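1. Prediction below, plus the sequence it came from.
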Amino acid sequence: MTEREKNFVLLAQLRNELTESAVYARLAAMEKNPGNRELLERISADELSHARMISGILGCEGRPSAFRVVWTVFCARVFGLVFVLKLMERGENAAAGAYRELLESYPQLKVIAEDEDRHETELIGMLDDERLRNMGAIVLGLNDALVELTGALAGFTFALGDSFKIAKLGLITGLAAAMSMAASAFLSARADAEAGNGAGEAEEGCALKTALYTGMAYIVTVLLLVSPYMFISNSTAALAVMLLAALGIIAFFNFYLSVARETSFRRGFLVMAGISALVALISYGFGYLLR
């Protein structure tokens, strides 16, 4: 590696360390658990110390990426702390590798590489997120909405051919199904709690959360899938956009799972997309026969 390449890597790492220090500080301010908050503050201080060491080697100052800080904090608020920390954990792995490549020229970077490895271990130990604990309920609501509504809308498209009527029927069908699914999720979770430990207030609360996550996942999916029929008068074009929206939802959801739970994105995407496409095709055929 030439001196120019080494300087380029160090400059990139300087910016990265400053950015991650700012991110960890913001995440610490959001964290309610005192132990987790203390850990995030300590990692933020470590990252700032790393940046100062690199700045001393380069003889220049650096700046954090304001966009990355704002975007990462926004993602933590929307998708949960676990999702963001898992993404940052990947960055810790990459940073440790980059520092090891420079150890021969800059032995003092060994401390930073060891810190990055330690951060990864500590972050994995603190990962706990209500959204991830309720992922089963979200999967249930989202999967059911995708399969049921893509099929229903495809059938309505060929049977009716009127985008506005299809949108109204889709909303009625979807919202009724969302309430039904949420009620079923509540009763199922409550029955499981009764079978295990008795139905106390805590069990009722957990069952209610399960129902809420299931219902909300269902409703959001319904709104996204029905919206093309509200704005596109040509029902066939609306169907095409709806199917693309369904693929987008499946892709995003499986990306989330692949990061948060370290599952296979490709396998999850292909299974969910294949089931939804098959049901939509069969329902489209039913619509053709009814028409």
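-> All right, it came through fine. Numbering: from 1, shown residues only.

2. Roughly how far does Ala240 sit from Ala167?
-> Distance of Ala240 to Ala167, computed by Cβ to Cβ, to the nearest Å: 15 Å. Heads up, the C-betas are built off the backbone N, CA and C, glycines and all.

3. So the two - more neighbours on which side?
-> Ala167 (21 against 14; other Cβ atoms under 10 Å).

4. Quick check, that one in contact with Val226.
-> Yes - assessed by Cβ atoms under 8 Å, Ala167 is found in contact with Val226 at 5.5 Å.

5. Just the buried positions in stretch 21-30, please.
-> Ser21, Ala22, Val23, Tyr24, Ala25, Arg26, Leu27, Ala28 (16 or more other Cβ atoms under 10 Å).

6. wait, what's in contact with the nearest residue to the fourth one once chain neighbours are set aside?
-> Read it as Tyr24. Of all residues not flanking Tyr24 in the chain, Ser44 sits nearest, at 3.7 Å (Cβ to Cβ, 6 or more residues apart in numbering). Going by Cβ atoms under 8 Å, 6 or more residues apart in numbering, Ser44 touches Glu20, Ser21, Ala22, Val23, Tyr24, Ala25, Ala28.

7. Surely the second one is in contact with Ala51?
-> Yes - taking contacts as Cβ under 8 Å, Ser21 lies within contact range of Ala51: 6.4 Å.

8. so which helix or strand takes in the residue nearest in space to the middle of the chain?
-> Central residue of the chain (Cα atoms, centre = their mean): Tyr256, 3.3 Å from the mean position. Using DSSP states H and E, the element containing Tyr256 is helix 235-260.

9. any idea of the angle the helix or strand following that helix forms with helix 235-260?
-> Remark: after helix 235-260, the chain's next helix or strand is helix 265-290, criterion DSSP H and E. Put simply, helix 265-290 runs at 160 degrees to helix 235-260, going by axes from the mean of the first three to the mean of the last three Cα atoms, to 10 degrees.

10. So which elements touch the helix ranked longest in the chain?
-> Longest helix of the chain, by residue count under DSSP state H: helix 163-196. With contacts taken as 3 or more Cβ pairs under 8 Å, 6 or more residues apart in numbering; DSSP states H and E, helix 163-196 sits against helix 135-160, helix 201-231, helix 235-260.

11. Ok, which of those helices comes nearest Arg15?
-> Of all these, helix 235-260 sits nearest to Arg15, with 22.7 Å by Cβ to Cβ.
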